[in-house]
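Novice: Give me coordinates for this.
(one chain, ligands or ions: 1)
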Amino acid sequence: MDHDELPKWSARAANWARDYHKGLRDRPVRGQVTPGSIRDALPATAPEQPEPMEAIWADFERLVPDNMTHWQHPRFFAYFPSNASPASMLAEQLANAIAAQGMLWQTAPAANEIEERMVGWLAAALGLADMRGTIHDSATTATLCAVLTMRERALDWAGLTHGLSGAGRVRIYASEQTHSSIDKAVRLAGIGQENLVKVATDASLSMEAGALQQAIRADRAAGHLPAGVVFCAGGTSVGAFDDIAAGLQVARAEGLYTHVDAAWAGSAMICPEFRPLWAGAEGCDSIVFNPHKWLGVQFDCSVQFLADPGPQVKTLGLRPDYLETLEGEVTDFNEWTVPLGRRFRALKLWFVLRAYGLEGLRARLRNHVTWVAELCERVAAIEGLEVVTEPRLALFTFAHVDGDSATERLIRAVNADGRVYLTQTRHAGRFVIRMTAGSFDCTRDDVMMVETVLREALG
Ligand code: PLP
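Specialist: Below is the predicted model:
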């Protein structure tokens, strides 16, 4: 395989990709595969001699497509979407061809400056025009960066040099509705799970500002070090939103750093009518959202906005002699993030934002929200089912009125059918089924198929 042969195979791959995507509706959403069977179908060791591409391709077709869960399937309603538009796939191919490692401005000037510009485009599109930012691989990494910054800011940057052994207890605050990536960040930051204070929520599942205030005061009285608050804007379980404005007022008065996890819901904020849901976010220190979830920019692409990059760069930046940039003042994004090496993720943002335009993307998101609301009404009308949490953007949950076992039997039957794929969560002690739509090619008929499958499963 050399560069002259690549175009032939690339063309074949492009044709394959078109047929794969166009044929997704005819496939079950989840791979019908038993654990271990793919591993066992592969030789235990790598080949000593080169193999022909034909044989490699044939094995790909034989082993991979039927044994994958199809995230781009228009009826993938599980977890949150991880949607990929054709323009994004094309950009990713070009980024792969250049295969740059963009750790410094000088190692990938165009990648670096397109990233700067794309974050600016997105900040303006989401109503955050005053914020700067960078692109990470995942929301987990972005949140880790924010939590490390909270920690170091509270320790006056002493932890970086002396470690944490002599430090007081650093305290971070979030509600139960936040994603487990907050727990992971607190663990990885050496803060410890027990110092993540889960603040009570009210009936609408929003963090109670009064309870936040009390928790901070109690911690100060106990000699602890309150460091930061992580707000939830579109929780994974049922789509909860904190009243960020109210919590932010408390956090600011207490001098705490603030971060918003809008990994899923952030994409929706390109539509002005959804922005009241995260009112206050624009005043926070840091926000993460994943264009790779719901904006058609394929995995991985997670954007973090920062009101002032200074504290994060002070926490994460290191500049040894061999990484000095000799060109003068430029932004080296490795100083804003955990890894040194960086992929050219901004290219797919550029392609997607131009190929569909903000209006094209808004239309898709609005459709998903509208269709999910319609489906919710239809599910509520099915005998034996009840809606447990009403739609928040494009997510609602429901359950069988006969209890958890019946709900679990139902989701198993639905997913065994294969036409749609739904996942579960626990809410207020109940096992419930989550329904969320967001695939790039999803239509109203695809969403309404859930009603058909549910009715058939219930007999
Ligand atoms: N935050 C929320 C609300 C999420 O739903 C998820 C994943 O689904 C994450 C964070 C973690 O995202 P990532 O996979 O980018 O780390």
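Novice: could you pull out the strands for the chain?
Specialist: For the chain, the strands defined by DSSP state E cover 132-136, 170-175, 196-199, 225-232, 257-261, 286-289, 302-306, 385-392, 395-400, 423-427, 430-436.
Novice: Number of residues surrounding Arg151?
Specialist: Neighbours of Arg151 under the rule other Cβ atoms under 10 Å: 27. Placement of C-beta: from N, CA and C, glycine included.
Novice: Distance of Ala110 relative to Val388?
Specialist: Computed as Cβ to Cβ, to the nearest Å, the Ala110 to Val388 distance reads 49 Å.
Novice: same thing with Pro50?
Specialist: Taking Cβ to Cβ, one finds Pro50 at 56 Å from Val388.
Novice: Quick check on these two: which one has the bigger neighbour count.
Specialist: Taking other Cβ under 10 Å, Pro50 and Val388 do not tie; Val388 has more neighbours (19 against 8).
Novice: OK, contacts around that one?
Specialist: Counting by Cβ atoms under 8 Å, 6 or more residues apart in numbering, Val388 makes contact with Val238, Thr397, Phe398, Ala399, His427, Ala428, Arg430, Val432.
Novice: Show the buried residues in those residues.
Specialist: Neighbour counting by 16 or more other Cβ atoms under 10 Å classes Val238, Thr397, Phe398, Ala399, His427, Val432 among these as buried.
Novice: Looking at those, which is nearest Arg455?
Specialist: Nearest to Arg455, judged by Cβ to Cβ, of the buried ones among the contacts of Val388 is Phe398 at 13.2 Å.
Novice: returning to what we had before: let me have the strands of the chain in TSV, adding distance to Leu188 and mean pLDDT as columns.
Specialist: TSV is the format used below for these (distance: least, Cβ to Cβ, whole Å; pLDDT from 0 to 100):
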stretch	distance to Leu188	mean pLDDT
strand 132-136	14	98
strand 170-175	12	98
strand 196-199	12	98
strand 225-232	14	98
strand 257-261	15	98
strand 286-289	15	98
strand 302-306	16	98
strand 385-392	29	98
strand 395-400	28	98
strand 423-427	24	97
strand 430-436	27	98
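Novice: Columns distance to the ligand on top of those, output as JSON lines?
Specialist: Converted to JSON lines, the strands of the chain look like this (distance: least, Cβ to the nearest ligand atom, whole Å):
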{"stretch": "strand 132-136", "distance to the ligand": "8"}
{"stretch": "strand 170-175", "distance to the ligand": "11"}
{"stretch": "strand 196-199", "distance to the ligand": "15"}
{"stretch": "strand 225-232", "distance to the ligand": "7"}
{"stretch": "strand 257-261", "distance to the ligand": "5"}
{"stretch": "strand 286-289", "distance to the ligand": "7"}
{"stretch": "strand 302-306", "distance to the ligand": "5"}
{"stretch": "strand 385-392", "distance to the ligand": "12"}
{"stretch": "strand 395-400", "distance to the ligand": "10"}
{"stretch": "strand 423-427", "distance to the ligand": "11"}
{"stretch": "strand 430-436", "distance to the ligand": "10"}
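Novice: The ligand contacts on the stretch 101-250 of the chain?
Specialist: Within the stretch 101-250 of the chain, the residues that sit near the ligand (Cβ under 6 Å from any ligand atom) are Ser138, Ala139, Thr140, His179, Ser181, Gly234, Gly235, Thr236.
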